[in-house]
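A.B. asks: Sequence first, then the predicted structure:
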Amino acid sequence: MNHNQLFRQTRLQLACWYAGVMGVILGLCGWGMYEAIAHAHWMTLDRELESVAGTLHDSLEPVLQEPGQLEPEVGRLLPDLCTQNEQCWNRQFNRERHAIGALHQGDYYVRLLDLTDNLIAVAGVSPDGLPGREGAETWQTFTDSQGTRFHQISVVLHTQDSRDWGSLEVGRSLKEFDDYLGAVKVIMLIGLPIALFGVGTASWGLAGVAMQPIYQSYRQIQQFTADAAHELRTPLAAIRATVESNLRVDSTNFEDIIETLKTVDRQNLRLSQLVNDLLLLSRMDQQELPLKPSLCCLNDVISDVEEEIAVLAIASQVKLTTEVRVQQAVRVKGNEEELYRLLFNLVSNGIQYTPVGGKVTLILDASDRHAIIQVKDTGIGIHPQDLNQIFDRFYRVNSDRARHTGGSGLGLAIAQAIAKTHHGNIQVQSELGQGSLFTIRLPILESA
């Protein structure tokens with residue numbers, strides 16, 4: 001298949017389509033997975049900030065007395081809390097007892113603002129260049145002067161007597177979050193081409209598997225065309241040679257003209273028979289053959305075949321016998337003419353390939369559900385490697401012998417096609433030098 005430009009190009013196109021579609025699907029799945037991971041981590045971050053802010057809010061409000069003023073108890077809750085004017089980044093505190101241990105994991109910060117949004121104190125990481133709040137916005141995400149992103153939540157604080165004290169801002173750095181998503185993105189960007197390469201390789205193989213039946217059909221059509229052309233060429237060449245030879249001879253002998261016409265007529269008959277056989281097979285393949293089913297008595301069909309083909313058997317010096325192993329008439333539903341041709345092809349085939357003094361036996365039997373017809377000969381037999389091909393069109397077990405006997409290689413193909421149209425089948429058993437046995441099974445309609 002790879003040696004045929006058309007099939008190789010089609011296979012490549014199919015593989016590219018498969019890989020392209022799978023690439024889009026993988027890309028969409030990767031994007032969806034990335035968004036799901038980012039959303040899940042973002043929600044976790046929000047819950048953590050809400051938890052920290054809620055705990056601080058509940059811990060600070062009971063100790064706040066005056067708006068905008070820090071009470072000593074606040075310093076005990078947040079040991080590393082630094083006021084606006086203090087230089088406290090080198091101070092050491094006992095950080096084991098404070099309200100929120102997460103502040104000392106390096107990513108969190110806490111800011112306390114008065115009612116005018118002026119910074120009063122800060123604890124934890126102190127990002128540079130924090131923007132002011134815009135209105136009463138609860139959540140904010142921003143980037144500091146060093147390019148690090150932060151995410152924070154703002155909540156309102158009240159004094160013990162429920163007056164507004166100011167606000168509490170709790171935030172954390174998004175560096176770990178961004179680094180994690182960056183690593184996920186890198187993995188996906190590296191993994192996607194690798195996955196596409198695997199998909200492309202698999203697509204090439206699957207395209208080859210999918211196109212194999214088409215390629216086999218294409219090869220069969222090519223072989224069929226070549227064989228048909230060869231079979232048609234032989235009688236056409238004979239007709240042409242006969243006509244040309246007579247044209248070159250200046251003769252008006254009536255007997256010569258008659259002989260020429262007889263030769264042309266024989267070759268024309270051979271051509272007509274071959275064309276009719278090809279048309280019959282084509283119509284059977286397309287299920288266009290009008291079967292016109294009726295009740296057919298196989299006993300009568302076998303008698304007709306025996307009577308008609310007896311002349312051929314006598315001429316070939318082959319003994320033809322018939323065995324009917326059932327007492328009653330065996331009937332099937334089908335076309336009597338086609339069933340006659342089926343048996344005629346098998347019996348004539350047996351006679352042609354049986355040497356002088358041999359024997360061909362036509363047997364009729366029946367089971368509960370099938371009519372069984374067997375054609376047994378003592379001919380030359382068939383090689384085991386040819387048994388699976390003898391029903392192929394134009395196939396000859398022995399090409400020289402078949403052409404010598406005038407066969408076109410379509411008889412067994414037509415026989416099998418007729419059996420299939422009657423919902424039956426043909427099986428063959430053969431040994432070289434021992435003869436062959438063809439067995440036909442047809443659904444039985446009535447045995448009475």
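C.D. replies: Done, it's in.

A.B. asks: how about low-confidence regions in the stretch 201-350 of the chain?
C.D. replies: Applying pLDDT under 70 to the stretch 201-350 of the chain flags the ranges 224, 227, 230-231, 234, 250-252, 284-292.

A.B. asks: change it to 90
C.D. replies: Applying pLDDT under 90 to the stretch 201-350 of the chain flags residues 203-296, 308, 311-312, 326-329, 333-338, 341, 345, 349.

A.B. asks: where exactly do the helices run in it?
C.D. replies: 254-285, 298-315, 336-352 (DSSP state H, counting those that start in this stretch).

A.B. asks: Save the ones you listed as CSV, and put in distance to residue 322 and mean neighbour count too.
C.D. replies: Heads up, the C-betas are built off the backbone N, CA and C, glycines and all. Shown next, in CSV, are the helices of the stretch 201-350 of the chain (distance: least, Cβ to Cβ, whole Å; neighbours: other Cβ atoms under 10 Å):
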stretch, distance to residue 322, mean neighbour count
helix 254-285, 26, 14
helix 298-315, 5, 16
helix 336-352, 10, 22
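
A.B. asks: closest one to residue 33 among those?
C.D. replies: With Cβ to Cβ, the closest approach to residue 33 among the helices of the stretch 201-350 of the chain belongs to helix 254-285: 50.7 Å.

A.B. asks: Look up the closest residue to residue 393, ignoring the ones flanking it.
C.D. replies: residue 413 (4.5 Å; Cβ to Cβ, 6 or more residues apart in numbering).

A.B. asks: Can you list the buried residues in whichever helix or strand the one you found is part of?
C.D. replies: Per DSSP states H and E: residue 413 is located in helix 411-421. Buried positions in helix 411-421, judged by neighbour count with 16 or more other Cβ atoms under 10 Å: 411-419, 421.

A.B. asks: Show the model's pLDDT score for residue 127.
C.D. replies: Note on residue 127: pLDDT of 69.

A.B. asks: try residue 33
C.D. replies: Looking at residue 33, its pLDDT is 94.

A.B. asks: Then residue 363?
C.D. replies: Residue 363 carries a pLDDT value of 93.

A.B. asks: isn't there a strand covering it?
C.D. replies: Yes - counting by DSSP: H, G, I helix; E, B strand; the rest coil, residue 363 is found in a strand.

A.B. asks: Surely it and residue 374 touch.
C.D. replies: Yes - assessed by Cβ atoms under 8 Å, residue 363 is found in contact with residue 374 at 4.1 Å.

A.B. asks: now for stretch 351-362, what's the gap between its first and last residues?
C.D. replies: End-to-end distance for stretch 351-362, by Cα to Cα, to the nearest Å: 11 Å.

A.B. asks: List the buried residues for that stretch?
C.D. replies: Buried-residue list, stretch 351-362, by 16+ other Cβ under 10 Å: 351-354, 358-362.

A.B. asks: all strands for the stretch 51-200 of the chain, in order.
C.D. replies: Along the stretch 51-200 of the chain, the segments classed as strands by DSSP state E, counting those that start in this stretch run 82-83, 108-113, 119-124, 139-143, 149-158, 164-173.
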